[in-house]
Each structure stands twice: as structure tokens, then as C-alpha cells.
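In: Pasting the sequence and the predicted model now:
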Amino acid sequence: MNSIIQKPYEDNATGKINDDHFATMPMSLENEQENLKVSISELERELENAQIPTKSLHHFIGKAQKVMHFTELTPEIIHEIYTERL
């Protein structure tokens, strides 16, 4: 990580990066960091929202597996299919 920070300083000192460009780099990096923080928050929300339907689907699959091989439709099976766990 130190080499990432040190390299621009060296490039500026050797003339590879001019002073104007070097002066704008910290602001550019701060803007990028802020944008990344916002993106992370948005992606975390999207992930959480995507997990809600997945949990419901897993719940349904679990119920379906319990009653998959029945030979007679009983009130208990109907109850199992249509009730939600609390």
C-alpha cells in the first residue's frame, strides 16, 4: 500500500507527473473513495433485498419437500402447505 502512495510522489519529483496533475490527485482519490462508499451501500441494500425472496423460496421448497410424496390429501397436508412459520 505504501508503494501505491509513494509512486505518485516519485513520479512528480522525476517529472513524470506535472505539478498541476499531481495537485488534483488527492481530490480525485477522495471523490473516488466517496463514490465507492455510496456504491457499497447501494450494493449491500440490493443484496439484502435479493435475499428476502430467496428466503421465501427456500421456505416454500422446504414445505413442498415435506408433502411431495403423499398418497392422500389430508387436512394436515393442506395446513402444512398454506400456513406460514412465525
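Out: Structure received.

In: secondary structure class for the residue sitting furthest away from the middle of the chain?
Out: Ranked by distance from the centre of the chain (C-alpha atoms, centre = their mean), the top residue is residue 72, with 44.2 Å. For residue 72, the assignment made with DSSP: H, G, I helix; E, B strand; the rest coil gives coil.

In: Residue 63 - how many residues pack around it?
Out: 16 (other C-beta atoms under 10 Å). Every C-beta, even on glycine, is put in place using the N, C-alpha and C of the backbone.

In: likewise the one 10 residues further on?
Out: Other residues within reach of residue 73 by the criterion other C-beta under 10 Å amount to 10.

In: how about it, phi and psi?
Out: Here is the backbone geometry of residue 73 (degrees, to the nearest 10): phi -80, psi 110.

In: repeat for residue 69
Out: The phi/psi pair for residue 69 (degrees, to the nearest 10) is phi -110, psi 50.

In: Distance from the chain centre to the helix ranked longest in the chain, please.
Out: Across the chain, the longest stretch assigned as helix under DSSP state H is helix 19-66. The chain centre lies 4 Å from the centre of helix 19-66; the measure is C-alpha atoms, centre = their mean, to the nearest Å.

In: quick check: angle from the helix or strand following it to helix 19-66?
Out: Next helix or strand after helix 19-66 toward the C-terminus (DSSP states H and E): helix 75-82. Here helix 75-82 runs at 170 degrees with respect to helix 19-66, directions being taken by axes from the mean of the first three to the mean of the last three C-alpha atoms, to 10 degrees.

In: for helix 75-82, packing partners?
Out: Identification of packing neighbours for helix 75-82 by 3 or more C-beta pairs under 8 Å, 6 or more residues apart in numbering; DSSP states H and E yields helix 19-66.
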